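In: curious how this folds, go ahead:
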Amino acid sequence: MTKPNNQTNQPNRWRRRLIEFFLYTVLIFALVLALDWYRNRQVPESLPVQQPLMDIQGKGHDLQSLSHEGPILVYFWATWCPICQLTSPVMDSFNDTYPVVSIALRSGDDQKLQHYMTAKDYHFPVINDQDGLLTAQWQVGVTPTIALVVNGQVVWVTSGVTTSLGLQARLWFYKHFN
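Out: This next block holds a predicted model:
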């Protein structure tokens, strides 16, 4: 007895879907890297802020000094940003691996920000940029934006949705190809 035609084509169908998935993944990864490269040209190479920044807890953060101890992530976000609600938990989880210093853009006063951080159970430090001056110095026009700073130099920037896997891939790419 011969097999029905749809059973013999099933492995071919799965293989074709797997190849399509792989090609779409490579295409998306290449597009994201191209966008990151384009955005990197717009951000200053060295840190635009030299003085320590005070977070909402009153603690100073000297990005220059911190970046000489190892890579740091500078995270620009806002409480009103819907994409930041997806990215902030990722940044909070990376705070254990890499120091994260966040800059909250036009998100209210320190008390409002502290309430937000407590409600969301986030533990990364927050510098309040109520008037947008810090964000303007960094030439950041989109939230969320994440910058990787090493030895006082901005070496990589990305904007938009970032998953934990996407951030790990970008950090791996930076480590091996820069």
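
In: would you list the phi and psi of the residue positioned nearest the centre of the chain?
Out: Centroid-nearest residue in the chain, with Cα atoms, centre = their mean: I146, separated by 3.9 Å. Here is the backbone geometry of I146 (degrees, to the nearest 10): phi -120, psi 130.

In: any idea how far it is from A169?
Out: Here I146 is placed at a distance of 13 Å from A169 (Cβ to Cβ, to the nearest Å). All C-beta spots, glycine's among them, are computed from the backbone N, C-alpha and C.

In: shared neighbours, the two?
Out: Here I146 and A169 share no contacting residue, scored by Cβ atoms under 8 Å, 6 or more residues apart in numbering.

In: show me where this protein has its strands.
Out: 53-54, 60-61, 72-77, 100-105, 126-129, 145-150, 153-159 (DSSP state E).

In: quick one: closest of the ones you listed to V26.
Out: Of all the strands of the chain, it is strand 153-159 that lies closest to V26, at 18.1 Å by Cβ to Cβ.

In: list the helices and strands the closest one packs on?
Out: Here strand 153-159 touches helix 5-40, strand 145-150, helix 164-177, going by 3 or more Cβ pairs under 8 Å, 6 or more residues apart in numbering; DSSP states H and E.

In: how about 10 Å then?
Out: helix 5-40, helix 63-69, strand 72-77, strand 145-150, helix 164-177 (3 or more Cβ pairs under 10 Å, 6 or more residues apart in numbering; DSSP states H and E).

In: okay, and for this protein, where does confidence drop off?
Out: 1-8, 29, 32-46, 49-50, 178 (pLDDT under 70).

In: okay, domains of the protein per the record?
Out: 1-41, 44-177 (automatic domain parsing).

In: deepest-packed of those domains, please.
Out: Among the domains of the chain, domain 44-177 has the highest mean neighbour count (mean count of other Cβ atoms under 10 Å), at a mean of 17.

In: adding distance to K175, write the strands of the chain out as CSV.
Out: Formatted as CSV, the strands of the chain follow (distance: least, Cβ to Cβ, whole Å):
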stretch, distance to K175
strand 53-54, 26
strand 60-61, 23
strand 72-77, 14
strand 100-105, 17
strand 126-129, 26
strand 145-150, 10
strand 153-159, 10
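
In: I figured the residue nearest to the centre of the chain hits F124, correct?
Out: No - the pair I146 / F124 is not scored as a contact, 11.6 Å apart, by Cβ atoms under 10 Å.

In: between those two, which contacts overlap?
Out: L73, Y75, W77, M91, F94, V100, S102 (Cβ atoms under 10 Å, 6 or more residues apart in numbering).
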